[in-house]
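Chemist: Below are the sequence and a predicted model for it; my questions follow.
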Amino acid sequence: MNADDTRFKKLSDRLDELEKKIHELENPNTTYRYVGMGTVLADKNDGSKFILVHLNEVFPGIEGDLSPLHDSTTFSGVDADGNEYSHTLQGNSGVKAIWKGDGNRASAPSVRQGQLVEVYQGAGSDKYFWHWAGNDRELMRAESAIYTYNASGAPSGGLVPMTKLNSYSLTIDPKHHQIGIATSKNNGEACGFNVQLNTKRGVFSFTDDLGNVFNIDGPSKTYLFKTALGGTIAIKGKDVTIEGSTLSFKFDNIYFNGNVLMIRDLAVNGKTTSTGITNKGDITSDTLNDVAVSSYQHS
């Protein structure tokens, strides 16, 4: 091999090395490769993580409003029998992309047509991913968002699927008029809680997995407190209902119709009081109805 051949070989090897490095830079060995900004072509469906997105930097020449069927191509010519033909193929400049994910957020942002998203491509594949940059909130409308936080008590190492049984969750859902908080018992918690606020119906609910309930129904002006064993206080408008096995009072004064009822006028523990009423058990509603009202203060 003469000197010229040697120089040519070295130059060829150097070019091959540069070409390899350029290829590595253009195709990094990572999970995602940033493609560029994209424009959402249609409102994302509820519960879905997929959108149809126009790749702005890949198809930069399209002008005007974008739609899922924005562009078309017309083919014309003469077939084998000498007949002229013309056919229009309606297509689109978008690709299907799945939400890339965002930390504790479990539901994809409710992006709408015309909003901008960042688009990524899976390394070595034709699969596309999107991430909302959040810089065009004025185009957003009623949203739906769910956030989940891992509460698994499993030892470190290995994959543990996150479910309702081993996570806490927060739902902010103006689109469906509700806010929710839910907890689990995966780490030895005494009980799991579920809090729901439905603004469309005007209802608030606070419950646990033991059966205890606290409800507010704004439109019907109703409050309900109920324990897992059935003890109940219900208020609807001006009507109050109390249910249970025992009703106990411990007050300095009890007022009936604005007057103070002397506590010792009540029959307590089977003893006869100044009213002449004997109660062989706990105070009952019948006892209270029969007690004469005194208008003096408790001594």
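Modeler: Structure received.
Chemist: So Thr39 versus Glu57, what's the distance?
Modeler: Taking C-beta to C-beta, to the nearest Å as the measure, Thr39 falls 11 Å from Glu57. Every C-beta, even on glycine, is put in place using the N, C-alpha and C of the backbone.
Chemist: next one: Met162
Modeler: Distance from Met162 to Glu57, by C-beta to C-beta: 35 Å.
Chemist: Neighbour count for the two, which is higher?
Modeler: Between Met162 and Glu57, counted using other C-beta atoms under 10 Å, Met162 has the larger neighbour count: 15 against 10.
Chemist: Which helix or strand contains the more buried one?
Modeler: Met162 is part of no helix or strand, with elements assigned from DSSP states H and E.
Chemist: That one: what's it in contact with?
Modeler: Applying C-beta atoms under 8 Å, 6 or more residues apart in numbering, we find Met162 in contact with Thr148, Asn150, Ser152.
Chemist: Count the neighbours of the last one for me.
Modeler: By other C-beta under 10 Å, 15 other residues sit near Ser152.
Chemist: which residues does it contact?
Modeler: Residues in contact with Ser152, defined by C-beta under 8 Å, 6+ apart, are Val160, Met162, Asn166, Ser167, Asn186.
Chemist: swap the cut-off to 10 Å and go again
Modeler: Counting by C-beta atoms under 10 Å, 6 or more residues apart in numbering, Ser152 touches Val160, Pro161, Met162, Thr163, Leu165, Asn166, Ser167, Ser184, Asn186, Asn187.
Chemist: what's the closest non-adjacent residue to it?
Modeler: Asn166 (4.3 Å; C-beta to C-beta, 6 or more residues apart in numbering).
Chemist: correct me, but that neighbour touches Gly192?
Modeler: No: with contact defined as C-beta atoms under 10 Å, Asn166 does not count as touching Gly192 (11.0 Å).
Chemist: Give me the common contacts of the two.
Modeler: By C-beta under 10 Å, 6+ apart, the residues touching both Asn166 and Gly192 are Ser184, Lys185, Asn186.
Chemist: For Ser248, see how far away Trp99 is.
Modeler: From Trp99 to Ser248 the distance is 56 Å (C-beta to C-beta).
Chemist: between those two, which one's more packed in?
Modeler: Trp99 (20 against 7).
Chemist: wait, doesn't that one sit right on Val117?
Modeler: Yes: contact status for Trp99 versus Val117: in contact at 9.3 Å, counting by C-beta under 10 Å.
Chemist: intersection of neighbour lists for these two?
Modeler: Between them, Trp99 and Val117 share the contacting residues Ile51, Pro109, Val111, Phe129, Trp130, His131, Trp132, judged by C-beta under 10 Å, 6+ apart.
Chemist: Now that we have those residues, can you turn them into CSV and tack on pLDDT, distance to Asp16 and neighbour count?
Modeler: Converted to CSV, the shared contacts of Trp99 and Val117 look like this (pLDDT from 0 to 100; distance: C-beta to C-beta, whole Å; neighbours: other C-beta atoms under 10 Å):
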residue, pLDDT, distance to Asp16, neighbour count
Ile51, 93, 41, 29
Pro109, 94, 45, 21
Val111, 94, 44, 22
Phe129, 93, 33, 21
Trp130, 94, 36, 26
His131, 93, 36, 18
Trp132, 91, 41, 22
